[in-house]
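Engineer: Have a look at this prediction, sequence included:
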Number of protein chains: 2
Amino acid sequence: MSEDSHLSLRERTRRAVQAELVDVAQRLFVEQGYEATTVDSITEAAGLSKRSFFRYFASKEDLVMGKYDLMGEQLQAGLTARPADEPVWTALRRMFDDVIAYTADTSNSARMDEMERIVSASPALNAAYLQRLDQMQSDLATIVRDREEQAGRPRAATDPSPEAIVGAAFACMAAARRTAIRFDDQSLPDLVDRAMSDLWTFDR
Amino acid sequence: MSEDSHLSLRERTRRAVQAELVDVAQRLFVEQGYEATTVDSITEAAGLSKRSFFRYFASKEDLVMGKYDLMGEQLQAGLTARPADEPVWTALRRMFDDVIAYTADTSNSARMDEMERIVSASPALNAAYLQRLDQMQSDLATIVRDREEQAGRPRAATDPSPEAIVGAAFACMAAARRTAIRFDDQSLPDLVDRAMSDLWTFDR
DNA sequence: CGCGCAAGTGGCACTTGGTGTCAACTTTGG
DNA sequence: CCAAAGTTGACACCAAGTGCCACTTGCGCG
């Protein structure tokens, strides 16, 4: 996958340890749940001190949330890559393609599903997840603002619309994701399409 | 305001203590910030033991979030009260009227603003707040589903649209709120109107 | 090659949020 | 007035983090 042979030994071992910590922790979380798994038990299973654990992850939560930070960057890149003259709603829909494809990839999907179940089972993790989503939306809203200006429709700083449309897109995505989890015969891309197009059919 | 003379002495003193704890804590939070204020310092200032504090609030977070739970119930009541034949988007907009009016009330607004600043200054509180919002949306989505069925437009259980439209409305509200905080010459109701009507003017 | 520095590590004490327990006390209902 | 039920403080305890310090290890440099 990603080439890291050019990194120093220090950096490589650091990443390896980090990855293994995630691995070990995830296994324990699945076995006994997130809250019930202490940092001590993780460090014991991984063979390093608690003190060092907190040098790899700012918090126990952070160990789980790391992946979602990457997703945020991926979304930003995805939206920025869309052509400037594309309608905003379409661009937002296409922005989700990469992350949907990633979760559909059979090599990641099992692990991802596991993590997702862990997150939704723990209120603390869920809250942290929502916080990341909120941050992503805020970042994406400024990109939308730029796009609108580029397209000759400048938005005043006091215009809440860019944040609103991004939030609406995320609401569709979230609704689709929840439905995909509850009914596993439904395909996520179809549900996203459905949510994002049906939104405009509601009476006003 | 609310009559509580019919409650037992126990219940009345309980509420009084609870209210004073919120009061004392809020003062300390403003002075030194949320994280920097320990539960010990709150209990010391209020004159009761730490153990008792946790009999009044499940957590330090809970002390702050209590108000928002009430807001959730208010929103549910507000939406349920809207006529069944009213367009969904309009009903969602009107649902917000009560809570907007409450925050605009000069007797509450100062304290509310203070709390809001405390919440947005603390990542932990912010995450907890987002979690409540998420829960509210989930509850409201089922109400929307019922409304749609009542109006002769039954939605399949696999249709993500009700959650999506509620999420979109909340996104508008959130965008408006953020804008109202950043530019205090803008009125919240106007911003909500703007966000909720401009949403449909985006290209697709 | 080897030297010195920066980075990484473990151990330990400490703080803070939160829980379990229990004995003493207060409210309430009969 | 009395017994049951609820409330309280004190104390011990647990888990997540942090600060500190001595020690080791990878890395650049002469």
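Structural biologist: That came through, no problem. Numbers count the residues shown, from 1 in each chain, chains lettered A, B, ... in the order given.
Engineer: residues in contact with the residue nearest the centre of chain A?
Structural biologist: In chain A, the centroid-proximal residue (CA atoms, centre = their mean) is residue A:68; its distance is 3.5 Å. Shown in contact with residue A:68 (CB atoms under 8 Å, 6 or more residues apart in numbering or on different chains): A:129, A:132. Glycine gets a C-beta too; all of them are placed from N, C-alpha and C.
Engineer: contacts for stretch A:154-166?
Structural biologist: The contact list for stretch A:154-166, computed with CB under 8 Å, 6+ apart, reads A:88-89, A:92, A:137-138, A:140-142, A:144-145, A:148-149, B:168, B:171-172, B:174-176, B:178-179, B:183, B:186, B:191, B:194-196, B:198-199, B:202.
Engineer: just stretch A:74-90 next, same as before
Structural biologist: A:91-92, A:94-99, A:102, A:136, A:139-140, A:143-144, A:147-148, A:150-151, A:165, A:169, A:196, B:202-204.
Engineer: Stretch A:186-204 now?
Structural biologist: Residues contacting stretch A:186-204 (CB under 8 Å, 6+ apart): A:89, A:92-93, A:96-97, A:100, A:103-104, A:168-169, A:172-173, A:175-177, A:179-180, B:87-90, B:158-161, B:163-165, B:168, B:200, B:204.
Engineer: The longest helix belonging to chain A vs DNA strand C: in contact?
Structural biologist: Secondary structure of chain A per DSSP state H: the longest helix is helix A:123-150. No. Helix A:123-150 is not in contact with DNA strand C by CB under 7 Å from any atom of the strand; minimum separation 9.6 Å.
Engineer: one step back: check the contacts of stretch A:154-166 one by one and keep those near DNA strand D.
Structural biologist: Of the contacts of stretch A:154-166, not one also sits near DNA strand D (CB under 7 Å from any atom of the strand).
Engineer: how does chain A divide into domains?
Structural biologist: Annotated domains of chain A cover A:1-57, A:59-201 [automatic domain parsing].
Engineer: is any part of the shortest one close to DNA strand D?
Structural biologist: Looking back up the chat, that one is domain A:1-57. Yes. On the criterion CB under 7 Å from any atom of the strand, domain A:1-57 is in touch with DNA strand D at A:8-10, A:37-40, A:50-51, A:54.
Engineer: go on, stretch A:111-125?
Structural biologist: No. Figure legend: stretch A:111-125 not in contact with DNA strand D (CB under 7 Å from any atom of the strand); closest approach 8.7 Å.
Engineer: who's in contact with that stretch?
Structural biologist: Contact partners of stretch A:111-125, identified using CB under 8 Å, 6+ apart, comprise A:26, A:29-30, A:33-35, A:61, A:64-65, A:67, A:102-103, A:126, A:129, A:181, B:131.
Engineer: Mind checking what secondary structure the residue of chain A found nearest DNA strand C has?
Structural biologist: Nearest residue of chain A to DNA strand C, counting by CB to the nearest atom of the strand: residue A:52, 2.9 Å away. Here residue A:52 is recorded as helix under DSSP: H, G, I helix; E, B strand; the rest coil.
Engineer: Just to check, it is in contact with residue A:39?
Structural biologist: No. Between residue A:52 and residue A:39 there is no contact under CB atoms under 8 Å: 10.8 Å.
Engineer: Of the two, which one has the most company?
Structural biologist: Shown here are residue A:52 and residue A:39; by other CB atoms under 10 Å in any protein chain shown, residue A:39 has more neighbours (15 against 12).
Engineer: Next, work out how far apart that one and residue B:191 are.
Structural biologist: Remark: distance between residue A:39 and residue B:191 (CB to CB, to the nearest Å) = 44 Å.
Engineer: Can you give the distance of stretch A:102-115 from its chain's centre?
Structural biologist: Centre-to-centre, stretch A:102-115 and its host chain are 12 Å apart (CA atoms, centre = their mean, to the nearest Å).
Engineer: buried set for that stretch?
Structural biologist: A:102-103, A:115 (16 or more other CB atoms under 10 Å in any protein chain shown).
Engineer: what about chain A, any weak spots by pLDDT?
Structural biologist: A:1-7 (pLDDT under 70).
Engineer: Which parts of it are helices?
Structural biologist: Along chain A, counting by DSSP H, helices occupy A:9-32, A:39-46, A:50-56, A:60-81, A:88-104, A:106-121, A:123-150, A:161-182, A:188-198.
Engineer: Single out the most deeply packed of those helices.
Structural biologist: Highest mean neighbour count of the helices of chain A: helix A:161-182, a mean of 24 (counted as mean count of other CB atoms under 10 Å in any protein chain shown).
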